[in-house]
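*Asks:* Fold the following, please.
(2 chains)
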There are 2 protein chains.
Amino acid sequence: MYREEIKVLDCTIRDGGLINNYNFTDDFVKAVYAAACKAGVDIIELGKKLCESDEYTREKYGKWNFCDEDDLKAVIESHECNKPPMIAVMFDVGRVDIDGLVPADQSVVGMIRTACYIPDIDKGLDLVKRTKDLGYATTLNIMASSASIESELIGGLEEINACKEVDYLYLVDSYGAFYSEQITYYLNLYKKYAPDIEIGFHAHNNQQLAFSNTQQAIIDGVNLLDATINGIGRGAGNCNLELLLNFLKNPKFDVRPVYKVIQEHFVPLRKEIEWGFNDIYGISGHLNQHPRSAMKLRGNPDEMDNCYNFLLESTKEEASA
Amino acid sequence: MYREEIKVLDCTIRDGGLINNYNFTDDFVKAVYAAACKAGVDIIELGKKLCESDEYTREKYGKWNFCDEDDLKAVIESHECNKPPMIAVMFDVGRVDIDGLVPADQSVVGMIRTACYIPDIDKGLDLVKRTKDLGYATTLNIMASSASIESELIGGLEEINACKEVDYLYLVDSYGAFYSEQITYYLNLYKKYAPDIEIGFHAHNNQQLAFSNTQQAIIDGVNLLDATINGIGRGAGNCNLELLLNFLKNPKFDVRPVYKVIQEHFVPLRKEIEWGFNDIYGISGHLNQHPRSAMKLRGNPDEMDNCYNFLLESTKEEASA
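*Replies:* Numbering: from 1, shown residues only, chains lettered A, B, ... in the order given. As a prediction, this is how the structure comes out:
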């Protein structure tokens, strides 16, 4: 009834942090970690590992943009767990200090995920190789495939396939633009041009399709799935972890701690920050656009629900492009 | 790129009326009708056609529970339309006065949809036959198939297949419980045991799957699709008409009037009544339960977001059943 190979990666803190500048309280992060442990998720991504600077400070950008070892340890040590999830952090090409990275055997981090756009694949692969050399599990997450030129994507996939340091290659629906048939189409491209690399999938919920597209990825053979508690994440958010665990049926998962942390921590948070599907994101997803205009509109209380105006404005831009 | 045979049925007023006792203002219903006309939908269902009585009054239950000819005419005549959608109304088994129904050629109604549970299929077929005799297009909407005993469902399907008066037979995901693979499974049952009847599909959004399951029904050959503007409908609501029209690509459809009526009429309505996905409906959908307990909880401001308590309570009931 279930596929044992499937692994679930909870990226609640990393993707959720995009909407509050990683200003989660310590209690919140600890509660998410404990819930992920109890729920049996395989991997938990606790933030980004970016480079601190005078301009780019922990105070302004939140500690989970930097994921120092001590901060991570404080979370991990706050909850005893028999089979703890692997800890992952994310690298953004051009904003990391790889020379400051300790070898994996001296770190609580087990996996480093490198995110990049297609033109930056070489830079991404360089980071992947260097993190692999230090002993970390690696992923390369290609963002915005839906807006790529196919020949460039194929060239990138071939290059990635030649790089044995990539453990997982991600299909990322950054704009929430894919329908299920397109998930299949792009996964077939991935399988054809990068046949030696395991595939992961990361959805966005602009058209209420994050969960169903994740199911489609499963049907198409993907075994590493991203999800977030309550679907928290940038814009329309991600695939809801609780819905996914229900679907997967693997007895190693327990959905109850996820609903418990939603009731106790996410319901109050929803009063402070917004995420999830709405009309505006539905339009930006359909138009295969970066969510930045949609997010800007949602930040303006006087116009946040003006979906018809947003549609006209967004398609006018397209018509004149 | 698109399938010409596909017809879209807008049931905004009929399914939306379930959450406000059909107390829409005349302006609202007229605006929905005008939007459906301009958007090019094929059929619009404007309410139920139930039997008025001393106990069951228009004042208490709203005029769109009864759909008198004069009320329907007032709506239709409020907007001039070159190619107006067919008008549909719904029959509930046991609550209709078939003897009071005028022949189709004296009515503005073109289609009567009869909804019933599997044990009432004989009663449903009786109504279908009698409405067909009066000249109406007909559908039989079998509710809650997901909770049926399969042998009973199959018996019902065989009986329906023998009834030439049924124009369309509906698969209805009343509890929002189906995953895409189950849509395919049930549609295969329908096609096997009622091969002579065209199929329609009606989704609910408990697990954020109304839109994607409607896509799955399309992939599986269904050509009559229900949707509602902004996904309004009982509990977690229905498949969003605007998302569906975007997906269908047929140039006869225009999504802009739908977003316009959302901005002008649905955004204000959302401040008064609630519909759409939330954690509680996600749980009731996964458990394949009637949404009545979930709706009751959502009506209690102190407990409406207590998803963990709801999960424990709902599964305790199951364990002791």
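*Asks:* what's the distance between the residue in the stretch 151-300 of chain A that chain B sits nearest to and B:M90?
*Replies:* Using Cβ to the nearest Cβ, the closest approach of the stretch 151-300 of chain A to chain B is made by A:S212 at 3.2 Å. All C-beta spots, glycine's among them, are computed from the backbone N, C-alpha and C. A:S212 is 28 Å from B:M90, where distance means Cβ to Cβ, to the nearest Å.
*Asks:* Check which helix or strand A:L244 maps to.
*Replies:* Per DSSP states H and E: A:L244 is located in helix A:241-248.
*Asks:* Distance of the residue of the stretch 151-300 of chain A closest to chain B relative to A:I232?
*Replies:* When A:S212 is compared with A:I232 (using Cβ to Cβ), they lie 18 Å apart.
*Asks:* and A:V166, what does it touch?
*Replies:* A:V166 makes contacts with A:125, A:128, A:138-140, A:160, A:197, as judged by Cβ atoms under 8 Å, 6 or more residues apart in numbering or on different chains.
*Asks:* so which of those residues is the most crowded?
*Replies:* A:T139 (29 neighbours; other Cβ atoms under 10 Å in any protein chain shown).
*Asks:* Mind listing the residues bridging to it?
*Replies:* A:R113, A:Y168 (DSSP bridges).
*Asks:* Wait, it touches A:C116, no?
*Replies:* No: between A:T139 and A:C116 there is no contact under Cβ atoms under 8 Å: 11.1 Å.
*Asks:* coming back round to it: how many residues are close by the residue of the stretch 151-300 of chain A closest to chain B?
*Replies:* Neighbour number of A:S212 under other Cβ under 10 Å is 29.
*Asks:* Assess the claim that it and B:A210 are in contact.
*Replies:* No: the criterion here is Cβ under 8 Å, and A:S212 misses it with B:A210 at 9.8 Å.
*Asks:* so the residue of the stretch 151-300 of chain A closest to chain B is in which element?
*Replies:* helix A:210-219.
*Asks:* Packing partners of that helix?
*Replies:* helix A:180-193, strand A:198-202, strand A:224-227, helix A:241-248, helix B:180-193, helix B:210-219 (3 or more Cβ pairs under 8 Å, 6 or more residues apart in numbering or on different chains; DSSP states H and E).
*Asks:* As JSON lines, those with mean pLDDT and distance to A:S145 would be great.
*Replies:* JSON lines is the format used below for the helices and strands packed on helix A:210-219 (pLDDT from 0 to 100; distance: least, Cβ to Cβ, whole Å):
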{"stretch": "helix A:180-193", "mean pLDDT": "98", "distance to A:S145": "6"}
{"stretch": "strand A:198-202", "mean pLDDT": "98", "distance to A:S145": "11"}
{"stretch": "strand A:224-227", "mean pLDDT": "98", "distance to A:S145": "15"}
{"stretch": "helix A:241-248", "mean pLDDT": "98", "distance to A:S145": "21"}
{"stretch": "helix B:180-193", "mean pLDDT": "98", "distance to A:S145": "22"}
{"stretch": "helix B:210-219", "mean pLDDT": "98", "distance to A:S145": "19"}
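*Asks:* Include distance to A:E303 when you put those into TSV, please.
*Replies:* Listed next are the helices and strands packed on helix A:210-219 as TSV, based on distance: least, Cβ to Cβ, whole Å:
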stretch	distance to A:E303
helix A:180-193	31
strand A:198-202	30
strand A:224-227	31
helix A:241-248	31
helix B:180-193	36
helix B:210-219	25
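*Asks:* thinking again about what came up before, which of the contacts of A:V166 lies closest to B:L72?
*Replies:* A:T139 (57.8 Å; Cβ to Cβ).
*Asks:* ok, the closest one - contacts?
*Replies:* Contacts of A:T139 by Cβ under 8 Å, 6+ apart are A:111-114, A:128, A:166-170, A:200, A:224.
*Asks:* who wins for neighbours among those?
*Replies:* Among the contacts of A:T139, A:R113 has the most neighbours (other Cβ under 10 Å), with 29 neighbours.
*Asks:* so that residue makes contact with A:L46?
*Replies:* No: using Cβ under 8 Å, A:R113 makes no contact with A:L46, being 11.5 Å away.
*Asks:* Show me whatever sits in contact with both of those two.
*Replies:* Shared contacts of A:R113 and A:L46, counting by Cβ under 8 Å, 6+ apart, come down to A:88-89.
*Asks:* Give me the distance between the nearest residue to A:N223 once chain neighbours are set aside and A:L225.
*Replies:* Excluding the flanking residues, the one nearest A:N223 by Cβ to Cβ, 6 or more residues apart in numbering or on different chains is A:E5, at 4.6 Å. Applying Cβ to Cβ, the value for A:E5 to A:L225 is 11 Å.
*Asks:* Those two - which one has more neighbours?
*Replies:* A direct count of neighbours by other Cβ under 10 Å for A:E5 and A:L225 places A:L225 higher, at 23 against 10.
*Asks:* hey, what's that one bridged with?
*Replies:* Taking DSSP bridges as the rule, A:L225 bridges to A:V8, A:F201.
*Asks:* Determine the angle, from 0 to 180 degrees, between the helix or strand bottoming out on mean pLDDT in chain A and helix B:241-248.
*Replies:* For chain A, using mean pLDDT, DSSP states H and E, the weakest element among its helices and strands is helix A:307-319, scoring a mean of 88. What separates the directions of helix A:307-319 and helix B:241-248 is an angle of 20 degrees, with axes from the mean of the first three to the mean of the last three Cα atoms, to 10 degrees.
*Asks:* Report the distance from helix A:307-319 to the chain centre.
*Replies:* Helix A:307-319 sits 28 Å away from the centroid of its parent chain (Cα atoms, centre = their mean, to the nearest Å).
*Asks:* again with stretch A:64-72
*Replies:* Worked out by Cα atoms, centre = their mean, stretch A:64-72 lies 18 Å from the chain centre.
*Asks:* Could you list the buried residues of it?
*Replies:* By neighbour count on 16 or more other Cβ atoms under 10 Å in any protein chain shown, the buried set for stretch A:64-72 is A:64-67, A:71-72.
*Asks:* Over to stretch A:270-290?
*Replies:* So, applying 16+ other Cβ under 10 Å, buried residues of stretch A:270-290: A:275-289.
*Asks:* Thanks a lot, see you next time.
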